[in-house]
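> fold the following.
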Amino acid sequence: MDLGGWRDQMTVKKAIILAAGVGSRLRPLTDLRPKPLVEVNGTPILYKALRNLEAVGVEEVTLVVGYRKHAIQYACGHRFGALAINYVASAAFDRTGSAYSLWLARDALLSGDCFLLEGDVFFEESALRHLLDSGLTDVAAIVPFDESMEGSAVLLTENGLISQFRMRQTGANLTANGPRLFKTMNLFRLSSPTLKETIVPALDQIIGSGATQSYIEELLSYLIDLRGLQLATARCDHVRWYEIDTTEDLQVAERLFRGA
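The predicted structure is shown next:
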């Protein structure tokens, strides 16, 4: 087997980062700057993501911006290292969900395989390598759900596919006799066929129906439950990462990445 050729086929050249939100729970840090530019030990969240994407071979990134979009455009420009940067602006960033932001980037979704990231996750490059090295084309990065976490969780089938999303979970949902829960890291690798045939048509349907406040987790849950989407998973148990929604989250992330 030509492993070099296999590696070339498994590379992903494009990425989409959702970076439009207000970040109200991070105020006052977000009073004058958008959430993706909040710094963890001196490094903006967005810069960390872009450097990681560049390191794994991505060449083009589409940023969906909204709140204080000009600050992000000024900070990143149209080139960031070796990355070409494109922008899609949301005028309704303060009253729509992440699925709407993704729908705005549908032209980028239709252009080929891509990574999909949310702009509030500070993470190590190895998370993206796990997605690539899995050998799978539609895959979510996950970790075991623990007592410190909150938000959406997933259940898995025996062969590692996501079988169900559970929204608004906390440590209280972890029980000795309950099913094992996993947390999605909001990092995905998605294939061109799945994007063209499943995700973009579903986005058109959802947003066209007026459900503009929907979130990506709700979109994926719908597709898994009713449209037969097979979304695999890549375990990232030993990868450092943190989703930053509050000032407390930021403090945890700074401790986690201190000295990195």
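> what sits against the residue nearest to Lys69 when sequence neighbours are not counted?
Spatial nearest neighbour of Lys69, chain neighbours left out: Ala89 (5.6 Å); criterion: CB to CB, 6 or more residues apart in numbering. Backbone N, C-alpha and C define where each C-beta goes, glycine included. Contacts for Ala89 were tallied using CB atoms under 8 Å, 6 or more residues apart in numbering; they are 64-66, 69, 104.
> Tyr242 too?
With contact taken as CB under 8 Å, 6+ apart, Tyr242 is in contact with 121-123, 249, 252-253, 256-257.
> low pLDDT regions in the protein?
Low-confidence segments of the chain, defined by pLDDT under 70: 1-10, 171-172, 174-178, 260.
> find the nearest non-adjacent residue to the residue most central in space within it, please.
Within the chain, one residue has its C-alpha closest to the average C-alpha position: by CA atoms, centre = their mean, that is Leu117, at 2.6 Å. Computed as CB to CB, 6+ apart, the closest residue to Leu117 that is not its neighbour in sequence is Ile17, at 4.8 Å.
> what helix or strand is that neighbour located in?
Secondary structure here is read from DSSP states H and E; on that basis Ile17 sits in strand 14-19.
> okay, buried residues for that strand please.
Of the residues in strand 14-19, 14-19 count as buried by neighbour count, 16 or more other CB atoms under 10 Å.
> who's in contact with the residue nearest to the centre of the chain?
Leu117 makes contacts with 15-18, 49, 53, 186-188, as judged by CB under 8 Å, 6+ apart.
> okay, now the sheet partners of the helix or strand harbouring it, with direction.
Secondary structure assignment for Leu117, by DSSP H and E: strand 114-118. Partners of strand 114-118 in the sheet, by DSSP bridges, are strand 14-19 (parallel), strand 182-190 (antiparallel).
> next secondary structure after the shortest one?
So the one you mean is strand 14-19. Counting by DSSP H and E, what follows strand 14-19 is strand 39-40.
> and Ser192, how close does it get to Ile162?
Relative to Ile162, Ser192 is positioned 20 Å away (criterion: CB to CB, to the nearest Å).
> er, Pro179 actually
From Pro179 over to Ile162 the distance is 13 Å, taken as CB to CB.
> which of those two has more neighbours?
The neighbour comparison of Pro179 against Ile162 (other CB atoms under 10 Å) goes to Ile162, with 23 against 13.
> torsion angles phi and psi at the more buried one?
Backbone torsions of Ile162, given as degrees, to the nearest 10, read phi -70, psi 120.
> got it, and Ser163?
phi -100, psi -20.
> neighbours of it, just the number please.
When neighbours are defined as other CB under 10 Å, Ser163 has 13 of them.
> ditto for Ser90
By other CB under 10 Å, 22 other residues sit near Ser90.
> how close does it get to Ala20?
Ser90 sits 5 Å away from Ala20, going by CB to CB.
> intersection of neighbour lists for the two?
Here Ser90 and Ala20 have 64-66, 101 as joint contacts, going by CB under 8 Å, 6+ apart.
> so of those residues, which ones are in helices?
By the criterion of DSSP state H, membership of those in helices covers Ser101.
> most widely separated two among the shared contacts of Ser90 and Ala20?
The largest separation in these, counting by CB to CB, is between Val65 and Ser101 at 9.1 Å.
> mutual contacts of those two, please.
20, 90.
> got the phi and psi for the closest residue to Ala211 other than its chain neighbours?
Computed as CB to CB, 6+ apart, the closest residue to Ala211 that is not its neighbour in sequence is Ala99, at 7.7 Å. With angles defined as degrees, to the nearest 10, Ala99 shows backbone torsions of phi -60, psi -30.
> what's the neighbour count on Ala99?
Neighbours of Ala99 under the rule other CB under 10 Å: 24.
> from Ala127, how far off is it?
When CB to CB is applied, the distance between Ala99 and Ala127 equals 22 Å.
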